[in-house]
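In: Provided below are the primary sequence and the corresponding predicted coordinates.
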Amino acid sequence: MGKLDGKVAVITAATSGMALATAKLFVQEGAYVFITGRRKDKLDEAVKAIGRNVTGIQGDASDLADLDRLYDTVKKKKGKDADDDKDESNWECPYCGTDNPATRNTCSNRECPLYRRAGRDWHKN
Ligand SMILES: [Zn+2]
């Protein structure tokens with residue numbers, strides 16, 4: 001088990017030198033690493049050298065458009081949708097859309113017709 005298990009790191013210009021060494025170290029410690037480099041051939045070499053848990057993204061980190069693309073890629077590969085974080089045991093009020101915890105069987109919204117009624121049972125039927 002490494003110190004960085006489950007962590008995601010983005011290391012820019014990591015095709016050589018210290019940055020490449022850092023990327024290797026991170027992967028050894030259990031992280032998933034995204035590395036960037038301007039040159040495709042150098043980038044491929046670096047990805048090969050790191051060997052696993054690495055994605056190479058060609059681009060110039062000083063270029064904002066490239067940075068956007070970089071973070072898009074990272075998000076798609078490793079990011080979580082807001083929906084994933086939502087507790088599945090929550091129930092959504094059919095009247096007002098309020099998200100209520102599973103432990104609560106009435107809608108928490110005072111304006112709602114289900115407020116103080118057994119909203120959860122209604123919802124389940
Ligand atoms: Zn409601």
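Out: Structure received.
In: From here on, just use CA atoms for contacts and neighbour counts.
Out: OK.
In: Please look at Thr36 and Glu45 and confirm they touch.
Out: No. Thr36 is not in contact with Glu45 according to CA atoms under 8 Å; the separation is 11.9 Å.
In: who has more neighbours, those two?
Out: Per other CA atoms under 10 Å, whichever of Thr36 and Glu45 has more neighbours is Thr36, with 27 against 14.
In: In three-state terms, label that one for me.
Out: strand (DSSP: H, G, I helix; E, B strand; the rest coil).
In: So what sits opposite it in the bridge?
Out: Ile57 (DSSP bridges).
In: give the contact list for it.
Out: 10-15, 43, 56-61 (CA atoms under 8 Å, 6 or more residues apart in numbering).
In: anything in contact with each of Thr36 and Glu45?
Out: By CA under 8 Å, 6+ apart, the residues touching both Thr36 and Glu45 are Thr15.
In: low-confidence ranges in this protein?
Out: Applying pLDDT under 70 to the chain flags residues 1, 61, 64, 79-89, 118-125.
In: got the residues of it near the ion?
Out: By CA under 5 Å from the ion, the residues of the chain that approach the ion are Cys93, Tyr95, Cys96, Cys107, Cys112.
In: what's in contact with the lengthiest helix in the chain?
Out: Secondary structure of the chain per DSSP state H: the longest helix is helix 64-78. Residues outside helix 64-78 that contact it (CA under 8 Å, 6+ apart): Val8, Phe34, Ile57, Gly59, Asp60, Ala61.
In: Could you say which of these is surrounded by the most neighbours?
Out: Using other CA under 10 Å as the neighbour test, those are led by Ile57, with 24 neighbours.
In: Fine by me, we can end here.
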